[in-house]
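Enquirer: Output the structure for:
(2 chains)
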There are 2 protein chains.
Amino acid sequence: MSQSINVALIGATGNVGEALVELLEEREFPVQDLHLLASSESAGQSLSFRGRQVRVRSLEAFDFSQVQLAFFAAGVEVTRACHERVLAAGCSLIDLSAALPLEQAPCVLPELGVEGLPALSKPWCVSAPTPSAVACALVLAALKPALQPQRLQLTAMLSISTLGRSGVQELARQTAELLNARPLEPRTVDRQVAFNLLAQVGEVDEQGHSQLERRLAVEVQQLLGMDALPVAATCALAPVFFGDSLALGVQADAEIDLAAVQQLLEAAQGIELVEAGDYPTAVGDAVGQDQLYVGRVRHGVSDPRQLNLWIASDNVRKGAALNALQIAELLIKHYL
Amino acid sequence: MSQSINVALIGATGNVGEALVELLEEREFPVQDLHLLASSESAGQSLSFRGRQVRVRSLEAFDFSQVQLAFFAAGVEVTRACHERVLAAGCSLIDLSAALPLEQAPCVLPELGVEGLPALSKPWCVSAPTPSAVACALVLAALKPALQPQRLQLTAMLSISTLGRSGVQELARQTAELLNARPLEPRTVDRQVAFNLLAQVGEVDEQGHSQLERRLAVEVQQLLGMDALPVAATCALAPVFFGDSLALGVQADAEIDLAAVQQLLEAAQGIELVEAGDYPTAVGDAVGQDQLYVGRVRHGVSDPRQLNLWIASDNVRKGAALNALQIAELLIKHYL
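Expert: Below you'll find the model as predicted:
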């Protein structure tokens, strides 16, 4: 990776955008010029990069032929409105917004290495999986030698930062109002999320699934190369600022060898297995870290063909920003 | 139920004990004398019952031959130390502490009516199921005509009141300290629970299950009359004061008829089904209510043989106090 490239970052002022800027510097990503972009309302702010202030400019007027790679860390609408312009300018893109269909922008798990890469031609157009899909796929990919999953059941208790910066502000505001015995007026979310759990993220479709749950299921299937794997997923919102907690159940058709599972998790890249009897938490362990934390590895209470485990992951860092950057590093190393 | 009985309540000063006293009055339970009991440290306090103050007395010196029924709403140790003395005095007991083995104290779901009652001789000794088992069994019993479960997977996000009054105080204290940017010193729980999720309740055994998870599994099996049903359960603690949230997955061996499921839930006693597209929350719907709230009724994302739903329940009221009282009402009606 001696060659440097020009990079655009769309959605630079959001949680994930800021984390990307930090990580581009921290990991010495071979950036020559970094262009920070946002919608015209957010343009004008500045972020620090390599000791200097970089101004956030308006996305609308930007000429993408100046850059070789664009990260999309803004909302779904921004990606949908703008990705064709980017690709037409010959610029590759990594979408973190889950806006593009997986047929057009296949998802990549960097830990799978070159063998896990889909066939791509330049300019590439790939998806960074949603944070919960990263967590599930990373764990299940590590377990492949010991465990052929027959079906998955995931309950993902997502932090409020899943909704971006406004979600974080909403939880802080609601909590302060309740502790001060003031009447609660929900704004960003439509009900009380402080000291409460919300059973879904956004609207659900006619079958009762949220877009996030559908996306997560197909991403995990694609990343594992198991398109027919039955997946059940519940994505809920928890009153937690940063860091997702996932209860994952994996059904197999024979008794699962827990010792083998533990050995594979211990050896896996990107995973920290906590000691038996202990358990990881999102806030205490995962937030700010580059690994997922896994614990509570066990059978079902009365079901040895079921594997249960708990995953704690930083949804902004490992789940999104770091993962997207690792995807970029892998692609640049092998295709530039 | 014209006949009145003398009742003892052990653990009268706890969350569940207080709720029991309120409900004994509210439901016009046929109490002649109510004896409130607690360990000697808590004795001396008073609770209001039918317009007068009833003093909480020490459990140690109490003569149980004065009463016909005792509710055990204190800790496991209290029940274990004292239940033999109660039964020897000819007093029936309902255990809310999950201290007694189910062979000795079978659990009862009042909604199942007389047919659901185990064979009992006087003095009865029965268990009120743990709050999550009440919720699961009530839903699954209602669905029996449409759905023969092949396996269950439950993720129960329990409120901190699961740990009693000290848990509630701990969450309030931790939250206030964090919002005031003071250093956090966990006390009742061993780590940060404010704005965080804890993956287990109490210690786990060598197989990795908590006592609560094991108990829940066998209670659900017993209540459904399906001793061999494979159950996987994760009981976690959420930063919620009151009200449990449960993500339940039920596996069947054929495609599940969602319309039939919804009809059965709508007709079921003790269950309030929310409209499709909406979802219930513990704090917004369930707390203070006599019913469970059920929503998000759907298949697995890519698994029509899986039923997924979300249950919100008041763990202190419907999950514990009300349920125990309904058990008592049923037993008195049919056996007194």
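Enquirer: May I have stretch A:219-234 exported as CSV, CA atoms only?
Expert: Taking C-alpha atoms only, stretch A:219-234 is exported to CSV below (Å, rounded to 0.1, in the frame of the first residue of the first chain):
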residue,chain,number,x,y,z
GLU,A,219,-26.1,-9.8,4.4
VAL,A,220,-25.4,-12.7,6.7
GLN,A,221,-26.5,-15.2,4.1
GLN,A,222,-24.3,-13.6,1.4
LEU,A,223,-21.3,-13.3,3.7
LEU,A,224,-21.5,-16.9,4.7
GLY,A,225,-22.3,-18.1,1.2
MET,A,226,-25.5,-19.7,2.5
ASP,A,227,-28.3,-18.1,0.6
ALA,A,228,-30.9,-20.5,1.8
LEU,A,229,-30.0,-20.3,5.5
PRO,A,230,-33.2,-19.6,7.5
VAL,A,231,-32.7,-16.5,9.6
ALA,A,232,-34.9,-15.0,12.2
ALA,A,233,-33.9,-11.5,13.4
THR,A,234,-35.3,-9.0,15.9
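Enquirer: if you look at that stretch, does any of it touch chain B?
Expert: Yes. Using Cβ under 8 Å from any Cβ of the partner chain, stretch A:219-234 reaches chain B at A:221, A:229, A:230, A:231, A:232, A:233, A:234. The C-beta positions use only the backbone N, C-alpha and C, and glycine is treated the same way.
Enquirer: Which positions within that stretch qualify as buried?
Expert: For stretch A:219-234, the buried set under the neighbour-count rule, 16 or more other Cβ atoms under 10 Å in any protein chain shown, comprises A:219-224, A:226, A:229-234.
Enquirer: same question, stretch A:54-64
Expert: For stretch A:54-64, the buried set under the neighbour-count rule, 16+ other Cβ under 10 Å, comprises A:54, A:56, A:57, A:59, A:62, A:64.
Enquirer: Can you name the residues of the stretch 51-200 of chain A sitting close to chain B?
Expert: With Cβ under 8 Å from any Cβ as the criterion, the stretch 51-200 of chain A comes near chain B at residues A:151, A:153, A:155, A:157, A:171-172, A:175-176, A:179, A:191-192, A:195-200.
Enquirer: before we move on, the earlier item: and the buried residues of stretch A:54-64 as TSV, adding secondary structure and pLDDT?
Expert: Rendered in TSV, the data for the buried residues of stretch A:54-64 read as follows (DSSP: H, G, I helix; E, B strand; the rest coil; pLDDT from 0 to 100):
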residue	secondary structure	pLDDT
A:54	strand	96
A:56	strand	95
A:57	strand	95
A:59	coil	93
A:62	coil	96
A:64	helix	97
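Enquirer: Okay, and residue A:260 sits in which element?
Expert: Residue A:260 is located in helix A:258-267, with elements delineated by DSSP states H and E.
Enquirer: Buried ones in that helix, by neighbour count?
Expert: Taking 16+ other Cβ under 10 Å as the basis for neighbour counts, the residues of helix A:258-267 that come out buried are A:258, A:261, A:264, A:265.
Enquirer: Kindly report the same for stretch A:26-36.
Expert: Neighbour-count burial for stretch A:26-36, counted by 16+ other Cβ under 10 Å, picks out A:29, A:30, A:31, A:34, A:35, A:36.
Enquirer: hmm, back to that, I'd like the buried residues of helix A:258-267 as TSV, with pLDDT and distance to chain B appended.
Expert: Written out in TSV, the entries for those read as follows (pLDDT from 0 to 100; distance: Cβ to the nearest Cβ, whole Å):
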residue	pLDDT	distance to chain B
A:258	97	8
A:261	98	11
A:264	98	17
A:265	98	13
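Enquirer: All the strands of the stretch 51-200 of chain A, residue numbers only.
Expert: Taking DSSP state E, counting those that start in this stretch, the strands of the stretch 51-200 of chain A run over residues A:52-58, A:69-72, A:92-95, A:125-127, A:151-158.
Enquirer: among the ones you listed, which is nearest residue B:251?
Expert: strand A:151-158 (7.7 Å; Cβ to Cβ).
Enquirer: Show me what residue A:126 is bridged to.
Expert: According to DSSP bridges, residue A:94 are recorded as the beta-bridge partners of residue A:126.
Enquirer: Hmm, residue A:106 and it touching each other?
Expert: Yes. Between residue A:126 and residue A:106 there is a contact at 6.0 Å, judged by Cβ atoms under 8 Å.
Enquirer: follow-up on the earlier one: in helices, which of the residues of the stretch 51-200 of chain A next to chain B fall?
Expert: Helix and strand membership here follows DSSP state H; of these, those in helices are A:171, A:172, A:175, A:176, A:179.
Enquirer: I'd like the distance between the last one and residue A:168.
Expert: In this view, residue A:179 and residue A:168 are 17 Å apart by Cβ to Cβ, to the nearest Å.
Enquirer: out of the two, which sits in the busier spot?
Expert: Between residue A:179 and residue A:168, counting by other Cβ atoms under 10 Å in any protein chain shown, residue A:168 is the more crowded of the two (18 against 15).
Enquirer: Listing request: residues of chain A with sub-threshold pLDDT.
Expert: Per-residue confidence for chain A (pLDDT under 70) gives these ranges: A:1-2, A:336.
Enquirer: the inter-axis angle of the lengthiest strand in it versus strand A:151-158?
Expert: When every strand of chain A is counted residue by residue (DSSP state E), the longest turns out to be strand A:303-313. Calculated by axes from the mean of the first three to the mean of the last three Cα atoms, to 10 degrees, strand A:303-313 forms an angle of 30 degrees with strand A:151-158.
Enquirer: Please name the strands paired to strand A:303-313 in the sheet, noting orientation.
Expert: Here strand A:303-313 is paired, per DSSP bridges, with strand A:244-251 (antiparallel), strand A:292-300 (antiparallel).
Enquirer: Can I get the very next helix or strand once past that strand as CSV, trimmed to CA atoms?
Expert: Past strand A:303-313, heading to the C-terminal end, the next element that is a helix or strand (DSSP H and E) is helix A:322-335. The C-alpha atoms that make up helix A:322-335 are tabulated as CSV, following Å, rounded to 0.1, in the frame of the first residue of the first chain:
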residue,chain,number,x,y,z
LEU,A,322,-13.3,0.4,11.0
ASN,A,323,-14.9,-2.4,9.0
ALA,A,324,-15.4,-0.1,6.0
LEU,A,325,-11.8,1.0,6.2
GLN,A,326,-10.6,-2.6,6.5
ILE,A,327,-12.6,-3.4,3.3
ALA,A,328,-10.9,-0.4,1.6
GLU,A,329,-7.5,-1.7,2.7
LEU,A,330,-8.2,-5.2,1.4
LEU,A,331,-9.4,-3.9,-2.0
ILE,A,332,-6.6,-1.5,-2.4
LYS,A,333,-4.0,-4.1,-1.6
HIS,A,334,-5.3,-6.6,-4.1
TYR,A,335,-6.7,-4.5,-6.8
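Enquirer: and the angle for helix A:322-335 with strand A:303-313?
Expert: In terms of direction (the same axes, to 10 degrees), helix A:322-335 departs from strand A:303-313 by 90 degrees.
Enquirer: list the buried ones in helix A:322-335?
Expert: The neighbour-count check on helix A:322-335 (16+ other Cβ under 10 Å) flags A:322, A:323, A:324, A:325, A:326, A:327, A:328, A:330, A:331, A:332 as buried.
Enquirer: Could you dump those residues into TSV and include distance to chain B?
Expert: Output for these, formatted as TSV (distance: Cβ to the nearest Cβ, whole Å):
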residue	distance to chain B
A:322	21
A:323	22
A:324	24
A:325	26
A:326	26
A:327	24
A:328	29
A:330	28
A:331	29
A:332	33
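Enquirer: most remote residue from chain A's center?
Expert: In chain A, the residue that sits farthest from the middle, by Cα atoms, centre = their mean, is residue A:181; the gap is 35.6 Å.
Enquirer: Which residue ranges of the stretch 1-150 of chain A form helices?
Expert: For the stretch 1-150 of chain A, helices defined by DSSP state H, counting those that start in this stretch occupy the ranges A:15-26, A:76-88, A:131-143.
Enquirer: Residue A:308: which of these is closest?
Expert: Distance to residue A:308, taken as Cβ to Cβ, is lowest for helix A:131-143 among the helices of the stretch 1-150 of chain A, at 11.8 Å.
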